[in-house]
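Enquirer: pasting the sequence and the predicted model now:
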Amino acid sequence: MKYNRHEEMVTFERCITFLNDIGIQTFYRSVGQDSFLPGFLIENGTIFIDKNMLQYPGDLLHEAGHIAVVPSADRLHLTEKAIIKRKDREAEEVMAIAWSYAACMHLMIDPVFVFHEDGYRGGSNAIMNSCSKNEYIGMFMLQSIGMSTAEKQIKSDETAYPRMIKWLRG
């Protein structure tokens with residue numbers, strides 16, 4: 001699915017509501033040219049958004065995934081530069097990818113919103129395919145830290161990943 005700009009921004013606003021509801025704060029402000037992704041800046045576990053600079057609004061969910069998968073003790077001090085320097089950055093990267101796919105499914109958003117053709121070093125389709133088949137390595141990592149499960153929930157008909165048990169790591 002290809003989003004037009006209006007649909008993209010309506011979807012973006014749904015994502016912002018979701019993030020604020022689960023405890024990842026978002027605010028609008030100018031972020032200048034210093035951010036890693038155009039229009040986004042992470043400071044102290046908060047996402048600042050510059051609507052005038054946004055290139056791919058779906059990147060919001062991936063950046064939120066980085067905040068969501070770090071231990072809660074680290075979350076309040078998380079910045080873009082800190083994400084890159086974390087000792088578990090590779091594991092957290094694949095968990096953030098799996099997390100953002102799960103968020104798309106939860107919000108009933110086409111994952112192309114996040115996994116656009118210009119992202120993920122050309123691997124967007126492979127990632128979406130792997131996640132849809134419950135084969136993506138980040139999914140297993142989310143399960144290992146208790147954010148998702150591989151088994152059907154007892155007393156529930158809901159299935160495992162992409163359903164999340166919790167959206168923020170403890």
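Expert: Arrived safely, thanks for sending.

Enquirer: for the helix or strand where His106 lies, packing partners?
Expert: Assigned by DSSP states H and E, His106 belongs to helix 89-107. Applying 3 or more C-beta pairs under 8 Å, 6 or more residues apart in numbering; DSSP states H and E, one finds that helix 89-107 makes contact with helix 5-22, helix 59-69, helix 124-132, helix 137-144. Bear in mind the C-beta positions are built from the backbone N, C-alpha and C, glycine included.

Enquirer: try 6 Å this time
Expert: In terms of contacts (3 or more C-beta pairs under 6 Å, 6 or more residues apart in numbering; DSSP states H and E), helix 89-107 is packed against helix 59-69, helix 137-144.

Enquirer: other SSEs contacting the last one?
Expert: So the one you mean is helix 137-144. helix 89-107.

Enquirer: on that earlier part again, could you pull out the buried residues of the helix holding His106?
Expert: 91-104 (16 or more other C-beta atoms under 10 Å).

Enquirer: now do stretch 55-63
Expert: 56-63.

Enquirer: what does the helix holding His106 contact?
Expert: Helix 89-107 is contacted by residues 14, 18, 61-62, 65-66, 68-69, 111, 114, 131, 136-139, 141-142, 162, 164 when judged by C-beta atoms under 6 Å, 6 or more residues apart in numbering.

Enquirer: can we see that at 8 Å?
Expert: 14-15, 18, 61-66, 68-70, 83, 86, 109-111, 113-115, 120, 127-128, 131, 136-139, 141-142, 145, 147-148, 161-164, 167 (C-beta atoms under 8 Å, 6 or more residues apart in numbering).

Enquirer: show me which of those are buried.
Expert: 15, 18, 61-66, 68-70, 83, 109, 111, 113-115, 120, 127-128, 131, 136, 138-139, 141-142, 147-148, 161-162, 164, 167.

Enquirer: ends of stretch 25-39, what's the gap?
Expert: 15 Å (C-alpha to C-alpha, to the nearest Å).

Enquirer: for stretch 131-138, that is, sorry about that
Expert: With C-alpha to C-alpha applied, stretch 131-138 spans 9 Å between its terminal residues.

Enquirer: related to what we said a few turns ago, give me the angle between the helix holding His106 and helix 59-69.
Expert: 120 degrees (axes from the mean of the first three to the mean of the last three C-alpha atoms, to 10 degrees).

Enquirer: can you give me the angle helix 89-107 makes with helix 137-144?
Expert: 90 degrees.

Enquirer: related to what we said a few turns ago, switch the buried residues of stretch 55-63 over to TSV; also include distance to Met9 and pLDDT.
Expert: TSV is the format used below for those (distance: C-beta to C-beta, whole Å; pLDDT from 0 to 100):
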residue	distance to Met9	pLDDT
Tyr56	12	92
Pro57	7	94
Gly58	11	94
Asp59	14	95
Leu60	11	97
Leu61	14	98
His62	17	96
Glu63	17	96
